[in-house]
Every structure is written in C-alpha cells, then in structure tokens.
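A.B. asks: the amino acid sequence is not available; the structure is as follows:
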Ligand SMILES: Cc1cc2nc3c(=O)[nH]c(=O)nc-3n(C[C@H](O)[C@H](O)[C@H](O)COP(=O)(O)OP(=O)(O)OC[C@H]3O[C@@H](n4cnc5c(N)ncnc54)[C@H](O)[C@@H]3O)c2cc1C
Ligand SMILES: Cc1cc2nc3c(=O)[nH]c(=O)nc-3n(C[C@H](O)[C@H](O)[C@H](O)COP(=O)(O)OP(=O)(O)OC[C@H]3O[C@@H](n4cnc5c(N)ncnc54)[C@H](O)[C@@H]3O)c2cc1C
Ligand SMILES: Cc1cc2nc3c(=O)[nH]c(=O)nc-3n(C[C@H](O)[C@H](O)[C@H](O)COP(=O)(O)O)c2cc1C
Ligand SMILES: Cc1cc2nc3c(=O)[nH]c(=O)nc-3n(C[C@H](O)[C@H](O)[C@H](O)COP(=O)(O)O)c2cc1C
Ligand code: FES
Ligand code: FES
C-alpha cells in the first residue's frame, strides 16, 4: 500500500486519520483490533479535566437531520484517575497517544499539562472549544485563547495542538493567536452550537453542539480559512464520514483529519477512510501522502 | 380556523409564516393561488440591489447532507427595473409586501430605501448578511451594521426589518445594535458559510451559504439568543420544513417564521405549515396565535 | 468482548399486523440474522446495534430476543424511519451489527419467583432472559404482558413453549394495562414471600416508574430495562446517562441496560 | 401556467437492465404518472420536477417523454438516491409533481431536416419532441442515439413506431459514440443544405459541446438541452444559471432547457 505516513507537530503517524476527542475509547479501539483493520494514525482521548465530572443530566444526545447534538458536559474521571487507570491502556496499543485536556482558566490547563509531563504520550490537545460546560466558549475569546496557549506552552515541552471552536466571526484570527503563542498544530473544528425545543411544550430538549454530516460543508469552510491563516499543520474535522470527505479536507490544506460522529454510525469507519485515501492516492499515481502534499503545494 | 393574525413591526399579517428572501417569487405565488391554498402572511422579495447584477458563475447550487449551499450572488434586475416591472405584480396579490434590499455602503441602503419610499409596500428588509457578494459579510461588523440601520432609519418611515448573519461570535450584540439604531424587527438567520471541494481535483466546487434542515438546530439556537437580547419582534428562520419546526421557533420567542429552502422541495410547504400551526393551536386549546403568545410570555 | 460484524438476514417475519392507518409496514417484526460471532458471545439481556440510514447518524439498539449460537433474533416495532426500513429486510440482505453490548441479567440466588412484566414491545427484551432463566433456575417464572391493542400482540406462543406461566391483556379490548397485571399478580396468594421475588420490567418509562414504585412499597426486588439514545453503545461517548438517586451517573450501554429500579432517579 | 399536483403511479417499466454490479436497481425506467392537470398543459421539451427524499432538499427534474393528455411518461436512469427510489415505485404510489416547467421546443419554419442526437439517457428528452415534430412538420426526421453499452439501450421501439429514421450505436460493442454518429449523418449526401437542417442534442455536456462545435463549423442550427441543478425550477431562485457568449446570463428552468448552442458559453 502507498505510504501514508505523516509527521505532524513532531508526532509521527502511520496515516493521517485520527479519532475526534470524545468519540473514541479503549473499547472502540479493541473492536478495530478484533476486526483486524487499519488503526488510526494516533489515538486521541476524551478531554480530561482536573476534577472528576459527572457531566450533564439526560438527554445528552439528540439526532437532527444528518446531524447529532451532544450535551455531554465533559463527563469523566478527572486527571488523577485517568493517569492511574486509563492512560496505560491507551499507551498499550502502541500508537501515538494525544491527550485532550479541558479547563476553565490558564492555570487549570497548566496544571493538566504538568500532570502529563512525565508520561509517554505524544502530544497534548487543548480543548478550548467545548460548548457544553456553561458560560461562553473559551475559544471565542482571542485574548483568553492566547493566554491559555502561552501559559501551557511554558509548562510543557510536549507538542501542543489547539482545538478551535467554529462559533466565531473570524476563526483565522483565533488560529493565528494560537500559532503566535507557540501551538504546534491546530485542530478544527469542534461542534457548532445548536438547540432543539419540544414543539408541544416549549421546553428546551437539548442545547449543545452539532456534529455529523450536516456540518461538514461548514467545517470544511472553517478549516480552509484556518489553513490559509497559519503555517503550523492543521487537523481538519467536522462531519467526515468517508474517504471522499476526508480528501476534501486534505485538499483544503489539512495535514490530517479527525473523525468523530461517524465512528458511532460505523465503528470501522476510520479503517475504511484510511483504505479509501490509500486507494485514491494509488489510483492517481501518488507514491505517498507526502508526494500528494508536495504536488498540492506546487499547484498553488 | 383559529385566528393566526400577527402584528409585527406595524405590519398586519394573516398568519405568521412568510417566505425567506430569494426563495419565493411571483411564479411560486401563482402556484399557491392556483392550488387554492393558504397564502403566506406577507410576501418577501429577493434582495434588490441598485444596479442590475448578473450574479455568480455556475454552479450556484449544491446539495449537501440535508442541506443546500447557494452561491447566487444577488442576481437581479436592479432597483429601477424592479420598480418598473415587478413591484406592481407583487403588490397585486393583496398581501403585505416586504422588499429586501442589499447594498455595500450605508449610502446604498439609503438610496434603495428612498426609491421605495413612494410605493405601497409594507416594510423594508435590510439584507446585511449575504455571504455571496465577496468581502466580509456586512452583518459581522456591529459598527457597520449600526451605521447602515441608523442611516436607513433616517431615510424612510417604513418599518425596517434587519436580517442578521449567523456567522458571528455574538449574534445578540449585532441584534442589539440594530435595535438601538431603530430597527422595527429582526429577521434571523441568513445562511451559514460553507464550502465543497472536488475530492478528485481539489478545486473548490462552491463556497457559499448553507441552508435547509441541516442548519435548523443551529438557526434555532441563534434565534433563541436573539429573542433573549432584544424587545423588538423577531422573525425566525433557518431550515424550517414543517409546522413542528416552526413551532420550535415560535416557542424560542419568534413572532413569525420564514421558510426558504423548503419551498424548493415543496412549493406548497408554507400552506402546510400554516395549516399545521393552526391545527396545533386548536388541539391545544388556543383560540388564537396571540393567546399562545401571551400564555408563553406568562410561563417565563 | 464486543465485535463489529456483518450479519445476513435469514428471515423476516411480521409478528403483529399493527395499524394500517399508521403506515403499510406498521407492526411488530422478528428478524433472524446469521452472525455466529455475536451469537456465540451474547448473554441474556444484552443488545446489539444496527447500522442506520443516512439522515440518522446513530445506530439503532435492539435486545437479542433469542439465539441458537449461529443466528440471533431481534424483535422490533416500527416506530420511525430505521425500524421501517428494517421491516423491509429481505433474505440475504447484509446488515452491520455491533455487539453484544451491555451487561447480562443476573438472578438473585435466593429468588423463588421471577416475574417478567412487559409493556408493549418491551416484552421483546424478555425472550432470551426468560429462556435462559428457565434453564438456570427452579424458581417459578411468570411472564406478563400488557399490550395497547390486539394488533400489537406478539410472542405469546414463544413464552408458552418455554413452559412458563403466562398472563396478558390488551388495554383497548380488556381495559387492562401492564401495571394492572402487575397488581393482579401481586394479589396471587401462592406467591412466595416478597423478599423471594425478583421482578424484571421493560416498557414505556412511566409504566416502569409506576411498577418500580409498587415494588419499592412492597419491598420487592425490581430490575428495569432502561432506554436512552445510544451514541457509541460502548461506554465511550457518555451519551446514554442515567441519574441515580445517589447522585451518581450510570450508563445504559455500559452498566445497563438492566438497572436496580430502587437506585434509579426516576425524575432525573 | 405551472401547477403543483399529486400524481399517481400507473406503471413502472424497466426499459434497460443496466449493470448488476452497480446495484440491483441499476438501469433505465419508464414511469407513467396520472396527472391530468400537467398532462393537459405540457408541451414538447418541457419538464416536471419530482419530490425528493429527506437528505435531498431539492426536487428532481425530468423531461416529459410522452403524454396522452391524462398521464405523462418519464424515462430516467438510476444515478443516485432519488432515481433509485423512483425505480421502486409501485402502482398506486402518490408522487408530488411540479410542472410543466421550461420552454417548449420550436421548429425553424424553413427546416427541411430535423436531427435528434441523444447521448445515453439524453435520448429520454426526445420522446415528446420527436412525436410532436412528426405531426407538426413534413421535414425529414432522423433520431440518432449513442449508448455506452447494450445494457443501457432503450426507447428504440418507440421512435421506430413514430416512423422516423433511426440510427443507433453502442460505444462498447460498436465502438461508436453519439458524436461519431453525428459525423456519420453529416456525411449522408442526401441531407439538404446545412442551412435547412435543425439539430437537437441532449446528453453529457462534453458530448454536446463537441456536437455544438461541429455544427458551428458547418453552419448548422444546433439546439442543446442543458442541465443544471434545479432549485425552484420556476425562475425564482436564480440557481440554474447558464452563461452566454454575450456575457449575459440565462436560466435553464425559465429560458431553457433548450438553448441555441451557438449562444452558450461552453467554458462558462
Ligand atoms: C438498550 C436498548 C434496547 C432496545 N431494544 C429494543 C427491542 O428489542 N425492540 C424494539 O422494538 N426496540 C428496542 N429499543 C428501541 C429501539 O432502539 C428504537 O425503537 C429505535 O432506535 C427506533 O429507531 P427509528 O429510526 O425507527 O425511530 P426514531 O424516529 O429514531 O425514534 C423513534 C423513537 O425511538 C427512540 N430512539 C431513537 N433513537 C434511539 C436510539 N439510538 N436509542 C434508543 N432509542 C432511540 C426515540 O426516543 C423515539 O421516541 C431498544 C432501545 C435500547 C436503548
Ligand atoms: C431540465 C432537466 C431535465 C432532465 N431530464 C431527465 C430525464 O428525462 N431523464 C433522466 O434520467 N434524467 C433527467 N435529468 C437529470 C435528473 O434530474 C438527475 O439524474 C436526477 O436529478 C438525479 O437525482 P438522484 O438523486 O438520483 O442523483 P444525485 O446523486 O442527486 O445526482 C446524480 C447526478 O445528477 C445530477 N443532479 C443532481 N441533482 C440535480 C438536480 N436537482 N437537477 C439536475 N441535475 C441534478 C448531479 O450533477 C449528479 O451528477 C434532467 C435534468 C434536468 C436539469
Ligand atoms: C458525543 C461527543 C462527545 C464529544 N466530546 C468531546 C470532548 O470531550 N472534547 C473535544 O474536544 N471534543 C469533543 N467532541 C467534539 C468532537 O471531537 C468533534 O470536534 C466534533 O464532533 C465534530 O466532528 P464530527 O462531526 O466528525 O463528529 C465530542 C463530540 C461528540 C459527538
Ligand atoms: C437560493 C437562495 C437564495 C437566497 N437569496 C437571498 C437573498 O437574496 N436575500 C436574503 O436576504 N437571503 C437570501 N437567501 C437566504 C434565505 O432567505 C434564508 O435566510 C436561508 O436560506 C435560511 O433559511 P432556510 O434554511 O429556510 O432556507 C437565499 C437562500 C437561498 C437558498
Ligand atoms: S452510548 Fe456511548 S456511553 Fe453509552
Ligand atoms: S431553478 Fe430556480 S431559477 Fe432555475
């Protein structure tokens, strides 16, 4: 098969497809292994917080036309139990592990990054874009974004990947702020704010973040904007459900892609996307993903 | 049937359902009349510009999962020919007519509003949210938005309805700016920026605005934010395709709703939505839409 | 272990006709799917998820109704776009399955009487558990089912064949709900001591809440089959949360679908 | 006048088998729809739009293939989710139709020979035009159709019955494309003067562009049936734009679908 290797923010990945934070876990990984299919280029954990969080009350999920609203609220065990119980399993798969962290203040991100300092993980993803924890989304504020990236940058030598929210007027400006403060890569996008109301009672059923094929064209546009604004590599995502979708993000300038909601519909979808990208490259005479990337750069 | 009358920005409408600008025309209206079905509460024209505009090159439309990207580019005859050839037909249907206008500068909006001053139209919609005419979308800039509303407010005594873009970090702030400068109503939302790329060639197929059921949950959320921010009435829209969808927007605080893309799928859909809203009110013991509105206000 | 596999439709049977005014396909169906991988692993009470169509981004969960080690049977009611599509499955169609998911049921060691109380299609969740319990224990087994009306009655023959006591009623024709059946059973003098009864219930949430209340008042051990929208069905996405009276959270796919009714926060 | 109406499927016929490796339903179909309202109004070359499914927000346009004043026939190829759904229509199914849309065809008063050149399913657009032209004029009528392979051949019998000259070829078996057929016809010595010929073509865009080029070089009047994604099909949304060499814009649904090939900007 063609060489799909990609180096990103100093992380060497066998292929450019990774899971989106919060949509992949140890159990999903086991199913892929059991099926004997291609594994993602890196593993990305659910966002870890300092304290354990129960998360929001039900309902936390709601399907919409070609989309999914989630209102999970960063449910999780907290960093201590994550380090004690989960991390070793993630690392045991032998793929690069990127740990997503989420906090409320620069101090919290710093603390989380420091906790991860002694581990064998390959990178840290800064989730500054969760719409489900109350208050304004951190990543809508360029100032706060810059502060968090700056502080975390000083606290860790690990590759820093900053995850952006699309719920802003100018995503390029936020991306640039992150780049300026030392981010090694950008990952975009997190979910779009969305809501459903019970038409009979008027009660808000769910108010959270929209993902899935419904958002794909919007996400692609945002990723395209980000790729034009920064020089650091970009991991593109939002609604990717096929190799063809993934190729659109790669053409838009992404170095890798992440797959979220589609994993729920088909737990083997990342393997299919990896195979599909490889097949396309082969059919189009590319010896490697790197060759495609270079050719693409020349065309511009 | 229950009384669906609604007074909005001084415009009296038989029911709270209107077409979204650019998705309804004289020919669509004729089909509705021919079918003998309920007619929208008001008619809203395609946005009119000062000069005739050929619009963008093809392709201008592209379907996506449960959505539609359009990149029309305000194709139209310009205000002079609109006044000479089209307006009298719009007015001949006997419903309130709202003329949507689009310009680049406050001066252009003023000129367009003045041109409409002597006509029998019921209101002017300021489209400051078109994503398809190059440059940044006017309505992403609170300053420019304020200037345009202020200038147009001085130029006309007609009800002014300001149409907002959802492509902003804080739509409430823009809505408030419009309200402060004298807007009589808000209509939200216009399309979300979106793109598709040819996965085989890397060429951008289309880069425009996304509409349709895919955006409904996002639009609902934005309309909910606007309704909480302003006191002037709000016309809610974005992906509405059924009476049930429309009810969600009414519960969110909208005084009326607009239907766009769904008219393409079914040219009688607005009649069905009107009937559906009436049926729901009746079944739930409301004598009128006004009664529903009051009850809803009390519940808060 | 949970596996993702492709199953082949062996047979699709319409068990109950449903209402024609609700659509041509309305009713209750049984689908036999050839999937040795899952069939070998599945335990009573566990479920599988089935791939859904384009507009639906999530798979659809169904309890395994029975298995012969090679095929599994799912029994489902048509309630929306996906179940309506499944109701048109033909022999030979390939279906993406994920499972078995969730925890298997467990019988209390000291139970002398097991009651399975189904509301409507909830009865579908008891096929495998009852068959398994019958083999597993000497306890008396009562299966009771309340249906809305005649047109949704299904499965009685299957339970009869298992040799368990069977009670059923329809709300429309007999004016009796599953909760009424529950009260009726509890009036049965021949039941053992309340503490020796274990009751399982599956049906609409308000019905289960009511049954839970009755059991709690009587001190009867009550297990409920809970439903929540499934994201991953793997314990990964934290979507299928259930709030407990303790304030803790549990997940239907990981900790359930069977929960101790007394621990569930029914207002959560 | 354009009307929105509900039509009833009378019959669905599979005209060509298509390729089984492309899906069980692949092929070319004819659907007869009872819709007197539209059937009475429709003129040759006009089209109707058919309601689409949930993920597709736009209706699907099809040229009317024939009409008896009560029903209309549409002929279509399965190329995507909606045509695949239509290919499963059963008698009695109700279908939402909008039409007739677009402008009818017109025959040049001095035309002595009409050539209809179809590429693949493009031939479907000529059913009604050819039947009408045959009644309308004494001119010689040649219908030529190029198909990809045997499995997509359809409609020949219909045109034969109309008593027009018929030529056809398949690319795979005969190694001839519609463009080859066109050149072949033009070599026919018995054709009238180029200026007395009117050619209509419908097929893939590159094929039509090539035919347009040949005609322009020869000074032959060439009309093309253009396709663009339809938003409203009513001239309202300005979605279906065609750029003209003059720099002006035209709309398929309002000004077309038939355009003078020499006015179309083929690079637009
Ligand atoms: C653990 C579990 C086991 C189940 N076992 C059975 C069974 O054996 N037989 C059976 O008939 N049904 C069972 N269900 C319910 C079944 O999954 C739904 O009826 C089905 O998902 C409906 O899909 P739809 O697209 O046809 O309808 P939709 O239009 O999607 O939904 C109709 C109804 O089903 C509910 N629903 C929708 N999506 C989901 C989802 N992902 N998970 C759970 N509920 C959903 C909705 O609340 C709605 O009220 C089970 C559900 C769970 C959670
Ligand atoms: C005026 C006109 C007349 C037509 N007449 C016929 C006919 O008589 N017989 C026939 O088989 N086909 C005809 N077509 C083409 C037919 O409309 C498409 O094949 C159909 O829309 C495909 O729908 P789908 O969902 O099955 O496939 P999709 O997956 O949607 O599309 C498959 C292909 O069809 C094209 N297409 C998609 N949507 C549209 C749209 N709204 N309008 C136009 N093209 C689209 C796409 O470019 C794509 O290449 C006509 C098109 C137009 C514009
Ligand atoms: C159930 C669910 C949980 C998620 N949890 C997280 C999370 O913990 N951290 C995070 O950065 N993003 C989270 N996301 C966002 C995804 O990582 C991704 O950015 C988003 O879903 C868009 O991609 P998709 O359309 O492919 O799903 C979550 C998304 C879903 C649907
Ligand atoms: C083809 C098309 C043309 C449009 N033209 C205009 C326009 O001229 N002026 C305007 O304000 N909005 C225009 N819109 C936006 C709609 O009015 C509406 O805001 C948007 O489509 C969201 O609503 P919907 O999802 O119901 O379509 C257009 C939308 C479409 C799809
Ligand atoms: S469905 Fe994902 S945790 Fe249960
Ligand atoms: S499809 Fe709307 S103008 Fe032609």
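C.D. replies: Great, that's in hand. None of these values were measured; they are calculated from a predicted model. Ligands and ions are numbered 1, 2, ... in the order given.

A.B. asks: and the strands in the chain?
C.D. replies: You didn't say which chain, so I picked chain A. Taking DSSP state E as the criterion, chain A carries its strands at A:6-8, A:11-13, A:17-19, A:43-44, A:61-64, A:67-70, A:97-101, A:123-127, A:160-164, A:185-188, A:192-197, A:204-211, A:234-237, A:256-259.

A.B. asks: that's the wrong chain, I wanted chain C
C.D. replies: C:3-16, C:28-34, C:47-50, C:60-67, C:71-77, C:94-101, C:113-119, C:140-147, C:165-170, C:197-202, C:221-225, C:241-243, C:249-251, C:258-260.

A.B. asks: tell me which strands the last one pairs with, and in which orientation.
C.D. replies: When you say that, I think you mean strand C:258-260. Each strand that pairs with strand C:258-260, with its direction, by DSSP bridges: strand C:221-225 (antiparallel).

A.B. asks: among the strands of chain C, which is nearest residue D:62?
C.D. replies: Using C-beta to C-beta as the criterion, the shortest distance between residue D:62 and the strands of chain C is 31.5 Å, found for strand C:94-101. C-beta: built from backbone N, CA, C; applies to glycine.

A.B. asks: in the stretch 101-250 of chain C, which residue sits closest to ligand 6?
C.D. replies: Closest to ligand 6 within the stretch 101-250 of chain C is residue C:229: 37.6 Å, counting by C-beta to the nearest ligand atom.

A.B. asks: burial of the closest residue in space to residue A:82 that isn't next to it in sequence, as a residue count?
C.D. replies: With C-beta to C-beta, 6 or more residues apart in numbering or on different chains as the measure, residue A:48 is the residue that lies nearest to residue A:82, at 4.8 Å, once sequence neighbours are left out. Neighbours of residue A:48 under the rule other C-beta atoms under 10 Å in any protein chain shown: 28.

A.B. asks: and residue A:48, what does it touch?
C.D. replies: Residues counted as contacts of residue A:48 (C-beta atoms under 8 Å, 6 or more residues apart in numbering or on different chains) are A:76-79, A:82, A:99-102, A:112.

A.B. asks: I'd like to know how many residues surround residue C:94.
C.D. replies: Going by other C-beta under 10 Å, the residues that sit close to residue C:94 add up to 12.

A.B. asks: who's in contact with the nearest residue to it once chain neighbours are set aside?
C.D. replies: If the residues on either side of it in the chain are set aside, residue C:94 comes closest to residue C:6, at 5.2 Å by C-beta to C-beta, 6+ apart. By C-beta under 8 Å, 6+ apart, the contact list for residue C:6 reads C:35, C:94-97.

A.B. asks: can you select the buried ones among these for me in ChimeraX?
C.D. replies: With 16 or more other C-beta atoms under 10 Å in any protein chain shown as the criterion, this ChimeraX line picks the buried residues out of these:
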select /C:35,95,96,97
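
A.B. asks: can you put the contacts of residue C:6 in JSON lines and add pLDDT?
C.D. replies: Converted to JSON lines, the contacts of residue C:6 look like this (pLDDT from 0 to 100):
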{"residue": "C:35", "pLDDT": "96"}
{"residue": "C:94", "pLDDT": "95"}
{"residue": "C:95", "pLDDT": "96"}
{"residue": "C:96", "pLDDT": "96"}
{"residue": "C:97", "pLDDT": "97"}
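
A.B. asks: distance to ligand 2 added to the contacts of residue C:6, as CSV?
C.D. replies: Putting these into CSV (distance: C-beta to the nearest ligand atom, whole Å) gives the following:
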residue, distance to ligand 2
C:35, 31
C:94, 22
C:95, 24
C:96, 22
C:97, 28
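
A.B. asks: quick check, nearest of the contacts of residue C:6 to residue A:224?
C.D. replies: Taking those together and measuring to residue A:224 by C-beta to C-beta, the closest member is residue C:96, at 32.2 Å.

A.B. asks: that closest one and residue A:266 touch, don't they?
C.D. replies: Yes: Residue C:96 sits in contact with residue A:266 when judged by C-beta atoms under 8 Å, with a separation of 6.6 Å.

A.B. asks: spit out the contact partners of the nearest residue to residue A:115 once chain neighbours are set aside.
C.D. replies: Spatial nearest neighbour of residue A:115, chain neighbours left out: residue A:79 (5.1 Å); criterion: C-beta to C-beta, 6+ apart. Taking C-beta under 8 Å, 6+ apart as the criterion, residue A:79 is in contact with A:48-50, A:101, A:112, A:115.

A.B. asks: remind me which residues of the chain are low pLDDT?
C.D. replies: By default, I'm working from chain A. Under the criterion of pLDDT under 70, the regions of chain A flagged as low confidence span A:299-300.

A.B. asks: hm, I was asking about chain C
C.D. replies: Across chain C, the stretches falling below the confidence threshold (pLDDT under 70) are C:268.

A.B. asks: can you name the farthest residue from the center of it?
C.D. replies: Distance from the centre of chain C peaks at residue C:189, with 27.8 Å (C-alpha atoms, centre = their mean).
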